[in-house]
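Engineer: sequence plus the predicted model coming up.
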Amino acid sequence: MRERLSIGILVGVLIFLIAFVFAILGKGEYQPPTSEEGMSGTGPEVALVAPASLD
């Protein structure tokens, strides 16, 4: 009996999460950057670090 209840709850949570994700993705507000925008330097910057000498 407990197993059946827990499986039912897990299935309900899974359905809710899938519906929530598709509701967010279905809004259509997210616009991935195009290749031109990605090259303009707006992304995360990586600093070059010189290796430390072990003298």
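Structural biologist: Noted; the coordinates are in hand. Numbers count the residues shown, from 1 in each chain.

Engineer: over to Lys27. Which of the three states is it?
Structural biologist: The three-state label given to Lys27 by DSSP: H, G, I helix; E, B strand; the rest coil is coil.

Engineer: count the neighbours of it for me.
Structural biologist: The burial count assigned to Lys27 is 8, neighbours taken as other CB atoms under 10 Å. Any C-beta I mention is one placed from the backbone N, CA and C, and that applies to glycine too.

Engineer: which strands and helices sit next to the helix or strand containing Ile15?
Structural biologist: Assigned by DSSP states H and E, Ile15 belongs to helix 2-25. Helix 2-25 sits against no helix or strand, with contacts defined as 3 or more CB pairs under 8 Å, 6 or more residues apart in numbering; DSSP states H and E.

Engineer: state the mean pLDDT of it.
Structural biologist: Helix 2-25 carries an average pLDDT of 94.

Engineer: now do the SS call for Pro32.
Structural biologist: At Pro32, secondary structure determined by three-state DSSP is coil.

Engineer: could you number the chain from 643 rather than 1 from now on?
Structural biologist: Yes, from this point I'll number from 643; that puts the last item at Pro674.

Engineer: just give me the neighbour total for it.
Structural biologist: Residues near Pro674, counting by other CB under 10 Å, number 6.

Engineer: and it, what does it touch?
Structural biologist: The contact partners of Pro674, by CB atoms under 8 Å, 6 or more residues apart in numbering, come to none.

Engineer: how close does it get to Gly654?
Structural biologist: The gap separating Pro674 from Gly654 is 32 Å, by CB to CB, to the nearest Å.

Engineer: stretch 655-666: which residues count as buried?
Structural biologist: In terms of neighbour count (16 or more other CB atoms under 10 Å), stretch 655-666 has no buried residues at all.

Engineer: put the alpha carbons of it into PDB.
Structural biologist: The C-alpha atoms that make up stretch 655-666 are tabulated as PDB, following Å, rounded to 0.1, in the frame of the first residue of the first chain:
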ATOM      1  CA  VAL A 655       5.600  15.100  -9.300                       C
ATOM      2  CA  LEU A 656       7.300  14.000 -12.500                       C
ATOM      3  CA  ILE A 657       4.300  15.000 -14.600                       C
ATOM      4  CA  PHE A 658       4.200  18.400 -12.800                       C
ATOM      5  CA  LEU A 659       7.900  19.000 -13.500                       C
ATOM      6  CA  ILE A 660       7.600  18.100 -17.200                       C
ATOM      7  CA  ALA A 661       4.600  20.400 -17.500                       C
ATOM      8  CA  PHE A 662       6.400  23.200 -15.700                       C
ATOM      9  CA  VAL A 663       9.500  22.900 -17.900                       C
ATOM     10  CA  PHE A 664       7.400  22.900 -21.100                       C
ATOM     11  CA  ALA A 665       5.400  25.900 -19.900                       C
ATOM     12  CA  ILE A 666       8.700  27.800 -19.300                       C
END
